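Asks: Next one to model:
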Amino acid sequence: MRFEKTAQDAESSARCGLLYTDHGVVETPIFMPVGTVGSVKAVYHRDLKEDIKAQIILGNTYHLYLRPGLDIIKNAGGLHKFISWDRPILTDSGGYQVFSLAENRKLTDEGCMFRSHIDGSKHFFSPEGVVDIQRIIGADIIMALDECPPGDSDHAYAKKSLKLTMQWLERGIKHFDSTEPLYGYSQTFFPIVQGCVYPDLRRESAEHAVSLNREGYAIGGLSVGEPAEVMYEMIEVLDPILPKDKPRYLMGVGTPANLLEAIERGIDMFDCVMPTRNARNGMLFTSEGMINIRNKKWADDHTPIDVNGTSFVDKTYSKAYLRHLFISGEILGAQIASEHNLAFYLNLMKEAQKHIREGSFKRWKTITVKKLETKL
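Replies: Next comes the predicted model:
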């Protein structure tokens, strides 16, 4: 994998780039729809490609390891073939999921013993084992095993956690570099920068990760309960440390406004379940603000879901019809809303790229964020 920066905003750290993988080129800044278990909920792959225009999707090591299991994925020839997706895939190492199982895990220097949320069975993740699992899954970009400390961790715990994450990172890289991909195309290994909400720990983590000279870097442990302004502050701390010529991936973030604020601070890649999860609950993101489609005010509104929308569903269905589907409990409602929200996120990335290239990103972002945070 390689990254080519193609434009730089004059007033901020926002930039455009091209991420070259063996499954295609990704234009950044980019949002990655979350396909946790090999599917983006309620959305056909055809629609992901043609209407939503997703360039890369995310899978999750923890969930895919448990179900369908590694033997099935390997026998299929890797996740790309198993799910019939021929574009890039990124996998999270599963660290966040494992460490969210606080009552069902035991952490040691060697790794983490945990119980499956499905059947209670015992499993063990080590830095080396997670590399092997992601080799079998076959994602283009894979993540290091890390510990994601709670957002309210005190400095002492965060420091102890970071020490473990850095040890695991060195072991994971050593194992990655001593093994080969299984399916005839290359894979890339990203370290994850941790450190909770403490600038000194974030700097230490970033400097350690950069010293290991990888093709890209992820930022984890944010958007886990801390105020948005603290998240932005942590990104600003990392901006001068992380290489300018390599991609930066902010994990698990976030709202459309979060994405634009992070792009301004130099972030290139994002993922989050928010667009699809909110969609299934009737919450829509639009160019003029947020809509709860269940509200009665939309019952007789026959205008498009988003008058400025570019997707098929925006051009085809009205707010009144979509509300009717939700109130009636029709599955199609969740499908339409999910496609709309994902298309909105991906179109927002296209707009951000356009304004970065034109040199107007910062002014456009300021106006757009105010709209995005409005409740209609």
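Asks: Can you show me the helices along the stretch 151-300 of the chain?
Replies: Assigned by DSSP state H, counting those that start in this stretch, the stretch 151-300 of the chain shows helices spanning 155-177, 199-211, 228-238, 256-264, 274-280.
Asks: which residues touch the second one?
Replies: Just to be clear, that refers to helix 199-211. Residues from elsewhere that reach helix 199-211, judged by CB atoms under 8 Å, 6 or more residues apart in numbering: 155, 158-159, 162, 165-166, 169, 191-196, 217, 233-234, 237-238, 241-243. For every residue, glycine as well, the C-beta is placed using N, CA and C.
Asks: Check the first one too.
Replies: By CB under 8 Å, 6+ apart, the residues outside helix 155-177 that reach it are 107, 109, 111, 126-128, 130-132, 142, 144-147, 149, 153, 189, 191-192, 194-198, 201, 204-205, 208-209, 212, 214.
Asks: Now the buried members of these.
Replies: With neighbours counted by 16 or more other CB atoms under 10 Å, the contacts of helix 155-177 contain buried members at 111, 126-128, 130-131, 142, 144-147, 149, 153, 189, 191-192, 194-198, 201, 204-205, 208-209, 212, 214.
Asks: Averaging pLDDT per element, find the lowest-scoring helix or strand in this structure.
Replies: Using mean pLDDT, DSSP states H and E, the weakest-scoring helix or strand in the chain turns out to be helix 95-99, at a mean of 77.
Asks: Extract the CA atoms of that helix and return them as PDB.
Replies: As requested, C-alpha coordinates have been extracted for helix 95-99 and formatted as PDB (Å, rounded to 0.1, in the frame of the first residue of the first chain):
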ATOM      1  CA  GLY A  95      -9.200  -5.000  20.600                       C
ATOM      2  CA  TYR A  96     -12.100  -2.600  21.200                       C
ATOM      3  CA  GLN A  97     -14.700  -5.400  21.300                       C
ATOM      4  CA  VAL A  98     -12.600  -7.600  23.600                       C
ATOM      5  CA  PHE A  99     -11.900  -4.800  26.100                       C
END
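Asks: what helices or strands is it leaning on?
Replies: Using 3 or more CB pairs under 8 Å, 6 or more residues apart in numbering; DSSP states H and E as the contact criterion, the neighbours of helix 95-99 among helices and strands are helix 61-66, strand 105-107, strand 112-115.
Asks: Off-centre distance for stretch 279-297?
Replies: Going by CA atoms, centre = their mean, to the nearest Å, the spacing between the C-alpha centre of stretch 279-297 and its chain's C-alpha centre is 22 Å.
Asks: Name the residues of it that are buried.
Replies: 279-280, 282-287, 290-293.
Asks: quick one: which of the residues you listed is nearest Leu376?
Replies: Distance ranking of the buried residues of stretch 279-297 against Leu376, using CB to CB, places Ile291 first at 5.2 Å.
Asks: does the closest one really touch Lys297, like I thought?
Replies: No. Using CB atoms under 8 Å, Ile291 makes no contact with Lys297, being 9.4 Å away.
Asks: And for Leu346, the neighbour number?
Replies: 22 (other CB atoms under 10 Å).
Asks: For Ile56, see how far away the residue nearest the centre of the chain is.
Replies: Centroid check for the chain by CA atoms, centre = their mean gives Asp271 as the closest residue, at 1.7 Å. In this view, Asp271 and Ile56 are 9 Å apart by CB to CB, to the nearest Å.
Asks: Equivalent analysis for Leu79, please.
Replies: The span separating Leu79 from Ile56 equals 13 Å under the rule CB to CB.
Asks: So which of the buried residues of stretch 279-297 is the closest to Gly225?
Replies: Using CB to CB, Met283 is the member of those that lies nearest Gly225, at 20.0 Å.
Asks: Relative to Ala299, how far out is the closest residue to the closest one other than its chain neighbours?
Replies: Nearest non-adjacent residue to Met283, counting by CB to CB, 6 or more residues apart in numbering: Asn292, 5.9 Å away. Taking CB to CB as the measure, Asn292 and Ala299 are separated by 12 Å.
Asks: Now do the strands in the stretch 251-376 of the chain.
Replies: Taking DSSP state E, counting those that start in this stretch as the criterion, the stretch 251-376 of the chain contains strands spanning 269-271, 283-286, 289-292.
Asks: who does the second one pair up with?
Replies: Yep, that's strand 283-286 we're talking about. Here strand 283-286 is paired, per DSSP bridges, with strand 289-292 (antiparallel).
Asks: Can I get the partner strand as CSV, trimmed to CA atoms?
Replies: Backbone C-alpha positions of strand 289-292 (Å, rounded to 0.1, in the frame of the first residue of the first chain) are rendered in CSV as follows:
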residue,chain,number,x,y,z
GLY,A,289,-29.7,19.2,9.6
MET,A,290,-31.0,16.1,11.4
ILE,A,291,-34.5,14.6,10.9
ASN,A,292,-36.4,12.2,13.1
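Asks: tell me the average confidence for that strand?
Replies: When the per-residue pLDDT values of strand 289-292 are averaged, the result is 97.
Asks: repeat for stretch 133-148
Replies: 96.
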